Structures are given as structure tokens and as C-alpha cells.
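*Asks:* can't give you the sequence, but here's the structure:
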């Protein structure tokens, strides 16, 4: 048995990175985004590409007679069109200067992530690739079979949502282009994904660094860079140790959520309003189905939290922002409910989608109605924030009383995502009580925060705190999870990953806020006194 040369996946990775970089640069120019580090556009291009292929393949997945290999060839076709698009708009990226300190920082960070991926694969978590390899092999063997959500004999009944996720089809297309046999898959997939992950993660990191950093002192800049990088690397290692896999798209879904949050925090903490930020976030979030169809409700919960982050900063025209962000994701959620035969949820979210379309229509006809709604939300923000969590809690408590269950039950560990992430405690009973008390403390803090929020000026720190506490209060505390788990049975399977992402981002944001605060105080202390000159004529 012969191995495929390492140059094959490297060349494919270089071509893919070229496509992501150029398309990202074009997108940033068209949306008039200001980027300090040109390589930050790689993440933008990566997510927009997968949104692009998700939009163009979803209608075909509703047809019950198309074989799976058609989707692979179709992916090649639309990728070629995508590359042609990048070449046509070459003027947006040909003038880029690569020789700079920021470019060097990016390449060093990417190299660190590349080494880290290899170390994690070799010494921490490598078992998941064998399972992933088997999945890709099955997809290749069944490529002549029809693939549709509504065909009883399709691949959906064998592999679930995997054949419909662009990330899997993308990998299979790379394997087929390389001419690899099943025993050679690791020669292609592992180095290819290592490189893609390293450069995308580095792109997200430098985008966060440039977006949140306000310090100009050289020592402070590089100290902040080092500490933030350690936090980011530690987060990646922990997630992969908890079996969030590079291969299956779990990590890239996490990147998507992280990237979307960073963009919105940047949008709401600047001194000016970039109107196209919500549109771009909508494009990014809409492509989540390329990595994780099962996370439809998690994305919905994130959008709900982001609504309040935006409203706290911009009390006018925030409705437009929500429409721009949520449209693609709600369409995905609508189909998700149909596929899983959640008929009540289909009606509910179909009505919500229709409502948003009506609101969009009203905006073009009579914006005064929308202004009244936005004014009401601004004046009654505490009531609006607490409305949904209180409704969920009342229903959940009612269900508990109706079933004659105890409110505090050590067997209900599945309701508390903190329990999953505290495996360091070996005694299960102690672990339950520690996480239970911690969850109740966070719940109490969330309630208090709603009422004292107006005392604080809106900035990047209050933005992430708003998102973290409102998300926990509304969707992730153990009381409401009992109810949400009924309408969304996969709720507990997510292990609260959205909250974990928000928590790790909060640690990073706290670092940036602290350094910016110290730098501001030092700058404020510096005063220049000028002695008035006497002009003698």
C-alpha cells in the first residue's frame, strides 16, 4: 500500500485558502469593512463560501431522485464559479501588501495552531478520526444512492444529516479529486484539515485582536497578544479534549458562533455604526447547516441573545438588524422542523418567518409602526427581557408540579450543562450540588443584571455580559431546560456549547477591557502644558 504525497493535500489547502482569502477580501471591500490585518478576511471567505454552497444545494436536497455523486460534482461546479467570481473582482485583493508586522503575527499564530493540532491529534484526542474515516467511506460507497430528506431509501436514513452538510461533501470532493482509496483517506484529510483549521482559527484570532484592542503601547500590545493567544489555544485544546472534532465540523461550527459574536461585539462597541455588519453576520450564521444541522435551535437561541446586545447599543433601527441577521437561519430552522416532523414547531417558526417578512414589507411602506415597536421595547426593556424566561420558568415549574417530582433531584444532572463540564470532580453527588449551587448563583446574577444594566455604559464588556446572562436566563438554566427539552429533544445533547463559547469569549473580552482601561487611565494622566509665547514685532 502506497501513501499519497503530502504535497497533494498541501496544494489543495493552498488553493482553498486562496479562494477563502480572495472572496473574503472582496466581501470586506464590498461591505466597506475596515480591516487592520488583511489575513482576517480568510475567516470571512471561509464562512461565506459554506453559506454560498448551502444556499445553492438546499433546494436540490428536497428532490428525492438525485444521487449523491451529483452533489459532489455540483459542488465542484459551484466552486469553480466561486473561483471565477474571485478572479473577476481581482482588483479588491491584488493591491494587498503582505510584508508587514501584522502579516508576520498572523503567520506565527497560524503556525502555532498548526503545531497544536498535530500535538492534540498525536497525544490527546485521535480516536474520532477513525469514526470519521468510516463515515466518509460509507458516503463514497453509497454515492450512487439518492439523497433526500423525503426519500425512504436515501442516505439520510443511514447517515442522518451528514450527507447534507457541506463540510462532509467538501471533504469527499477533495478525496475524490486526489484519487484516494479508503486506506489513503488519512493522507489527504488530516493534513488538509490541519492547515485549513490553523489558518481559519488564526484569522478569527487576529480579527478579535484588532477589533477589541485599543492599546498603542508596544509592550502592552504584545503582552495582550500573548495572553489572549494562550486563552484561545487553551480553549481549542479543551474543546478537542471534550471530543469536539475537527473532522466532523464541530470545531468549525464553534468558530462560526465565535466569529459571529465577535462581529456583533465589534459592531456595538465602536464609535460609529457599520450598517453592513448585521447583513454579514446573517450570511455567516446562515451557513451553520454546512457544519451542524442539529444545532438549529442553538443558533436561534444565539440570535435571540444578540437581539438584546444590539438593542442596548442602538435603540433605533435595531429591527432592521435583526431581520438581516436572522432570515437565513430561520429558513434553515423551518426546514429542520419539517424534516424531523416537529409539526407544531414548524407552524410556530413558519409564522415567525412570515411575521418577519411582513415587518420587512412594513418597513418599506410605513416605518412609523416599526418605530412605535422599537420605542416600546426601549421604554420597557426590562419587561421585554424577562418576558420569555419567566414564561419558560412558569411552564417548567408547572410541569414539575404536575409530575409530582422534586424541584431538586440529583438524578436530573442532564438539565445542567455545567455538570458535563466539571468532570474534574469525581464524586457525582458533590459534583451535582456544586454545579447546582453555581447554576442558581448565575441565575440570581442574571436577574440582578437585568435591573442594574442601565447604570453601565455600553461597551464590549457589557455586550458579552448581556449575551451571556440573557442566554443563560432564557434558555440554559436548569429550570427552563426541562421545558425546552420537550420542544427540542436534542437540547441536552448540545452540552451548552453556546454558553461555553460565550464564557471563553468573556474571558478574552475581560483581558482586552482591562488592558484598554489601564491604557486609557495612563493616557488621561499625561497632560501637556504649553507656555504662551510672546511675539515681539
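*Replies:* Thanks, I have the structure now. Bear in mind the structure is a predicted one, so any value in this text is a computation, not a measurement. Numbers count the residues shown, from 1 in each chain.
*Asks:* and the helix or strand bottoming out on mean pLDDT in the chain, what does it pack onto?
*Replies:* None of the helices or strands of the chain scores lower by mean pLDDT, DSSP states H and E than helix 156-159, at a mean of 76. Counting contacts by 3 or more Cβ pairs under 8 Å, 6 or more residues apart in numbering; DSSP states H and E, helix 156-159 packs against helix 128-141. Every residue, glycine included, has its C-beta placed from N, CA and C.
*Asks:* Could you give the separation of stretch 319-337 from the chain centroid?
*Replies:* Distance of stretch 319-337 from the chain centroid (Cα atoms, centre = their mean, to the nearest Å) equals 15 Å.
*Asks:* what does stretch 314-326 give?
*Replies:* Using Cα atoms, centre = their mean, the offset of stretch 314-326 from its chain centre is 19 Å.
*Asks:* Mind listing what's buried along it?
*Replies:* For stretch 314-326, a neighbour-count test (16 or more other Cβ atoms under 10 Å) marks 314, 317, 318, 319, 320, 321, 322, 323, 324, 325, 326 as buried.
*Asks:* Over to stretch 64-74?
*Replies:* 66, 67, 68, 69, 70, 71, 72, 74.
*Asks:* For the second one, list the residues it contacts.
*Replies:* By that I understand residue 67. Going by Cβ atoms under 8 Å, 6 or more residues apart in numbering, residue 67 touches 143, 144, 145, 146, 147.
*Asks:* Three-state assignment for the one residue sitting closest to the centre of the chain, please.
*Replies:* Taking Cα atoms, centre = their mean as the criterion, residue 257 is the residue nearest the geometric centre of the chain, at 1.1 Å. Classification of residue 257 by DSSP: H, G, I helix; E, B strand; the rest coil places it in helix.
*Asks:* The one 10 residues further on now?
*Replies:* Following three-state DSSP, we place residue 267 in the helix state.
*Asks:* Tell me how far it lies from residue 296.
*Replies:* Look at residue 267 and residue 296: by Cβ to Cβ, to the nearest Å, they are 24 Å apart.
*Asks:* again, but for residue 235
*Replies:* In terms of Cβ to Cβ, residue 235 sits 24 Å off from residue 296.
*Asks:* Any buried residues in stretch 470-490, and which?
*Replies:* By neighbour count on 16+ other Cβ under 10 Å, the buried set for stretch 470-490 is 470-485, 488.
*Asks:* what's the helix or strand hosting residue 299 packed up against?
*Replies:* Applying DSSP states H and E as the criterion places residue 299 in helix 296-313. Under the contact criterion of 3+ Cβ pairs under 8 Å, 6+ apart, helix 296-313 touches helix 250-269, helix 277-286, helix 318-339, helix 381-402, helix 460-471, helix 497-525.
*Asks:* Mind checking those helices for the one nearest to residue 49?
*Replies:* With Cβ to Cβ as the criterion, residue 49 lies closest to helix 277-286 of the helices and strands packed on helix 296-313, at 10.4 Å.
*Asks:* Output the contacting helices and strands for that closest one.
*Replies:* Short answer (3+ Cβ pairs under 8 Å, 6+ apart): helix 277-286 packs on helix 41-57, helix 250-269, helix 296-313, helix 318-339.
*Asks:* Turn those into a markdown table, including distance to residue 217 and mean pLDDT.
*Replies:* Below are the helices and strands packed on helix 277-286 laid out as a markdown table (distance: least, Cβ to Cβ, whole Å; pLDDT from 0 to 100):
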| stretch | distance to residue 217 | mean pLDDT |
| --- | --- | --- |
| helix 41-57 | 27 | 91 |
| helix 250-269 | 20 | 94 |
| helix 296-313 | 27 | 93 |
| helix 318-339 | 34 | 88 |
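*Asks:* Just put these in CSV and tack on distance to residue 509.
*Replies:* Converted to CSV, the helices and strands packed on helix 277-286 look like this (distance: least, Cβ to Cβ, whole Å):
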stretch, distance to residue 509
helix 41-57, 18
helix 250-269, 7
helix 296-313, 12
helix 318-339, 20
